[in-house]
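Peer 1: Fold the following and give me the result.
(one chain, ligands or ions: 2)
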Amino acid sequence: MRNSILISLLCFTLLCTGCTTESTSIENSLDSSINTITNNNENSATRDLFAMDTYMNLTAYGSNAEQAVDKAVSCINDLDKLLSTGLKTSEISQLNDSGNMILSSDASIILENSIKLYDNTNGAFNPLMYPIMEAWGFPTKEYKVPEEDELKQLLTLTDMSNLKYKNSTGEVSFNLSGMKVDFGGIAKGYTSSKVRDCFISSGVTSGIISLGGNVQAIGKKPDGSMWRVGVQNPDSEGNILGVLKIQDKAVITSGGYERYFEQDGKTYHHIIDPSTGMPADSGLTSVTIISDNGTLADGLSTALFVMGLEKASDYWRDHYEEFDAVFFTDDKKLYITEGIQENFSSDYTWNTIDKEY
Ligand code: AMP
Ligand code: MG
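Peer 2: Ligands and ions are numbered 1, 2, ... in the order given. Reported below is the predicted structural model:
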């Protein structure tokens, strides 16, 4: 096996600002900004919005583009109202306050996917991390480093055997008071899948969705070529590590650099290792997942970041039909899985993770 590496990614709209240095030749070959592509095209619609604490851009092509984008915006706003932990009235806040609830269909699907991911990733993805996130001050941005004892105590609240869920009714309850769900590691991927469904049900066969740099492509570009998505270089804003050519795929990145604070010269980021309650220190700087399934891609980007390169590579070998990945390590090595090598280009050297050792 050659080993693995690198990164994070951004939709080209975001990439095109501040593009300089080594990867210039690649960046020049990226698509131009979505906003400029679409505004002069009467068979297209584009919308910028801010929801889920994220800047989003939706672009659809075709005769129903305007209607599709309108529907998608209201779908996103509905999901935001349902899932936001920052909104007292959201379904998730009510569940976290009361400890039991009959979930809506959207929240049930997300919870079911989360439970599956928890099982498949040996707990690296854990949807009960909210008490730990609160201890670090991430929800309120009043950051602090919790005491070891406090974390130890709070970790008991993340034990999934204390969550009861009935698939048939959507009924969920917590065995311990203080347990709280956090769909922050999966909700945007689910949202991008819903927006894709919304576009498709409106008859849109070509479109691109960027939720804070996490991308979902619908079909190909109107000119029949594949979408080109840049993988952000975590070390350098606006610079990229490489370009992925995609069609009908989600491309979702997790990286500690996306949300963090510093105290006493140390950096603490928002992706938590559920076995310790500490920011994951797995040797990875970022993980990008490429998959047909946006919900899975989002959950896995978080889980594989926690696992580290070696375990993540093994996980991919067991599930290579479901996704591909790009890894960027703390020692600045870039790795990509075998399945995307034909559709990845970079000015940097990378290693390929093969199916066989
Ligand atoms: P992402 O950017 O998709 O990796 O999601 C990170 C967010 O997921 C954090 O801000 C938390 O809300 C939540 N989170 C943190 N650690 C975990 C974990 N190990 N499993 C599931 N969700 C997590
Ligand atoms: Mg995620």
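
Peer 1: How about the contacts made by the residue nearest in space to the middle of the chain?
Peer 2: Nearest to the mean C-alpha position of the chain, by C-alpha atoms, centre = their mean, lies Asp298 at 3.6 Å. With contacts defined as C-beta atoms under 8 Å, 6 or more residues apart in numbering, Asp298 is in contact with 185-190, 192, 214, 250, 252, 289. Where you see a C-beta, it was placed from the backbone N, CA and C, and this is true even at glycine.

Peer 1: Just confirm it is within a helix.
Peer 2: Yes. The assignment for Asp298 is a helix, going by DSSP: H, G, I helix; E, B strand; the rest coil.

Peer 1: What sits closest to it if chain neighbours are left out?
Peer 2: Closest residue to Asp298 apart from its sequence neighbours, by C-beta to C-beta, 6 or more residues apart in numbering: Gly189 at 2.4 Å.

Peer 1: Distance across stretch 87-102, terminal residue to terminal residue?
Peer 2: Stretch 87-102 has an end-to-end distance of 18 Å (criterion: C-alpha to C-alpha, to the nearest Å).

Peer 1: just use 316 as the starting number from now, easier for me
Peer 2: Shifting the count to begin at 316 puts that one at stretch 402-417.

Peer 1: could you give the mean pLDDT of it?
Peer 2: Taken as a whole, stretch 402-417 has an average pLDDT of 96.

Peer 1: Show me what that stretch is in contact with.
Peer 2: With C-beta under 8 Å, 6+ apart as the contact definition, stretch 402-417 has outside contacts at 395-400, 418-419, 422, 445, 484-489, 492, 494-496, 498.

Peer 1: So it, near ligand 1 or not?
Peer 2: No. Remark: stretch 402-417 sits outside contact range of ligand 1, by C-beta under 6 Å from any ligand atom, the gap being at least 11.4 Å.

Peer 1: how about that stretch: buried residues?
Peer 2: Across stretch 402-417, burial judged by 16 or more other C-beta atoms under 10 Å covers 405-408, 410-411, 416.

Peer 1: Name the spans of the stretch 466-615 of the chain whose pLDDT lies under the cut-off.
Peer 2: Applying pLDDT under 70 to the stretch 466-615 of the chain flags no residue at all.

Peer 1: Spell out which residues of it are next to ligand 2.
Peer 2: Residues of the stretch 466-615 of the chain lying close to ligand 2 by C-beta under 5 Å from the ion are 500, 569, 613.

Peer 1: What about ligand 1: which of those touch it?
Peer 2: 500, 569, 613.

Peer 1: Run through the residues that contact the second one.
Peer 2: Spelled out, it's Ser569. So Ser569 contacts 323, 500, 586, 601-602, 616-617, 619-620 (C-beta under 8 Å, 6+ apart).

Peer 1: among those, which are in helices?
Peer 2: When DSSP state H defines the helices, the subset of these inside them is 616-617, 619-620.

Peer 1: Quick one: which of these is the most crowded by neighbours?
Peer 2: If you count neighbours using other C-beta atoms under 10 Å, the busiest of those is Ser616, which has 30 neighbours.

Peer 1: Over to the residue nearest to that residue when sequence neighbours are not counted. Which of the three states is it?
Peer 2: The spatially closest residue to Ser616, leaving aside those adjacent along the chain, is Ser569, at 3.8 Å (C-beta to C-beta, 6+ apart). Secondary structure assignment for Ser569 (three-state DSSP): strand.

Peer 1: try Thr361
Peer 2: What three-state DSSP gives for Thr361 is strand.

Peer 1: again, but for the one 10 residues further on
Peer 2: Local secondary structure at Met371 is given as strand here, using three-state DSSP.

Peer 1: Can you show me the helices along this structure?
Peer 2: Assigned by DSSP H, the chain shows helices spanning 327-330, 339-343, 349-353, 380-398, 406-413, 420-435, 445-451, 463-470, 502-516, 609-622, 624-633.

Peer 1: Let me know which of those helices is tucked in deepest.
Peer 2: Mean neighbour count, computed with mean count of other C-beta atoms under 10 Å, is highest for helix 609-622 among the helices of the chain, reaching a mean of 28.

Peer 1: Within range of ligand 1, give me the residues from the chain.
Peer 2: Residues of the chain found near ligand 1, taking C-beta under 6 Å from any ligand atom as the criterion, are 440-442, 444, 448, 497, 499-500, 569, 573, 585-587, 589, 613, 616-617, 621.

Peer 1: got the contact list for the residue in the stretch 416-565 of the chain that ligand 1 sits nearest to?
Peer 2: Closest to ligand 1 within the stretch 416-565 of the chain is Gly499: 2.5 Å, counting by C-beta to the nearest ligand atom. With contact set as C-beta under 8 Å, 6+ apart, Gly499 has these partners: 400, 448.

Peer 1: so Ala565 touches Thr603, yeah?
Peer 2: No. With contact defined as C-beta atoms under 8 Å, Ala565 does not reach Thr603; the gap is 10.4 Å.

Peer 1: who's more crowded, these two?
Peer 2: Thr603 (32 against 28).

Peer 1: Identify the bridge partners of the more buried one.
Peer 2: Note on Thr603: beta-bridge partners by DSSP bridges are Thr568, Val641.

Peer 1: And it, how far from Ser616?
Peer 2: Per C-beta to C-beta, to the nearest Å, Thr603 is found 7 Å from Ser616.

Peer 1: Give me the common contacts of those two.
Peer 2: Common neighbours of Thr603 and Ser616 (criterion: C-beta under 8 Å, 6+ apart): 567-568.

Peer 1: tell me the contacts of whichever residue of the stretch 416-565 of the chain sits closest to ligand 2?
Peer 2: Closest residue of the stretch 416-565 of the chain to ligand 2, C-beta to the ion: Gly500 (4.2 Å). Contact analysis of Gly500 by C-beta under 8 Å, 6+ apart lists 440, 442, 444, 569, 586, 613-614, 617-618.
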